[in-house]
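Peer 1: Here is the input, now give the coordinates:
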Amino acid sequence: MSPSIITPTLLHTLRTWPHLPSNTWYFITSVTLSFLNRPDEIPKVFQHAIEKAPSSTEKSSKQDEHLIIARRMREALVKAAAIGGLPKTINALLALKNATPAHLIDEPLGFSPTSRPLEIYDVPASQILQRGQTFFDRVYGKVSRRVMGQMDRSGTEDLGLTARLMYGYILSNTSVLTAAETSFVLIAGLIPQDVNPQLKGHLKGAINNGATFEEVRAVRNIVIRVCEAAGMRALGEHSLDGWGWHGEVAKL
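Peer 2: Have a look, this model is predicted:
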């Protein structure tokens, strides 16, 4: 059995991290754990988030708060697939489901808080793709055309097509997570992968999506904290072994 990453002390540290936007620590941590290939640790995060949810004397209100937490965690893991692929997202979502009470699960053919089933079958694709392009342009600002052009000229224009589909149908849907929170998901997924070129763009993209510099720095720092708890470390640019970052993690 792999050693535990998530401890009570670490959970408290992450939940109370200064300048971190409220109600974000648990989905940021879950995405990070997914990319560290530790989906088994995600239920601990969910349970702690539920336990520390705002208390209410009304049972329905407390259940509503728990449902919000569950949905935000699920949506974050779905969006993370756009930058890390489906396998880790599948494992993470199944681990989360196993720890989630039945009344907090959105079952197939039931209500979807994102309305993605309707968007796929009932909304013209051109409308969704345009929404995705608008989201992409806001994230990358004045360099958005150059970034998309690089993907279109990567050797296959299918890379640009893939990006347009991901931004259209996955990332630009802000029904559950805001634009800024979506950027936090991307930051949480990119740091464990040691992909600074993409991370730099999304750190700035979070600012373009409405986050403050202090909030973005806090997100970056808690992700690094979780990664270090999992054993990642600074390796140096020319290191040939070990698990970690080959250069300083990009920052604002």
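Peer 1: Determine how far the last residue of stretch 161-181 lies from the first.
Peer 2: Criterion Cα to Cα, to the nearest Å; first-to-last residue distance in stretch 161-181 is 24 Å.
Peer 1: What residues sit buried inside it?
Peer 2: 163-164, 166-174, 176-177, 179-181 (16 or more other Cβ atoms under 10 Å). (Each C-beta comes from the backbone N, C-alpha and C, glycine too.)
Peer 1: Other residues contacting it?
Peer 2: Stretch 161-181 is contacted from outside by 21, 24, 27, 71-72, 75-76, 78-79, 81-82, 113-116, 119-120, 125, 128-136, 138, 148, 151, 182, 185-186, 206, 209-211, 215, using Cβ atoms under 8 Å, 6 or more residues apart in numbering.
Peer 1: Kindly recompute the last result at 6 Å.
Peer 2: Outside stretch 161-181, the residues within contact range by Cβ atoms under 6 Å, 6 or more residues apart in numbering are 71, 75, 79, 82, 113-114, 128-129, 131-132, 135-136, 151, 182, 209-211.
Peer 1: and if you look at stretch 223-239?
Peer 2: Judged by Cβ under 6 Å, 6+ apart, the contacts made with stretch 223-239 from elsewhere in the structure are 5, 10, 29, 32, 36, 188, 191-192, 242-247.
Peer 1: The nearest residue to residue 79 once chain neighbours are set aside: neighbouring residues, count only.
Peer 2: Nearest residue to residue 79, sequence neighbours excluded (Cβ to Cβ, 6 or more residues apart in numbering): residue 185, at 4.9 Å. Around residue 185 there are 27 other residues, counting by other Cβ atoms under 10 Å.
Peer 1: Could you measure from residue 185 over to residue 72?
Peer 2: 10 Å (Cβ to Cβ, to the nearest Å).
Peer 1: quick one: contacts for residue 6?
Peer 2: 41, 44.
Peer 1: Residue numbering should commence at 129 henceforth.
Peer 2: I'll keep to 129 as the first residue from here, and by that count the last item is residue 134.
Peer 1: That one and residue 191, how far apart?
Peer 2: Applying Cβ to Cβ, the value for residue 134 to residue 191 is 24 Å.
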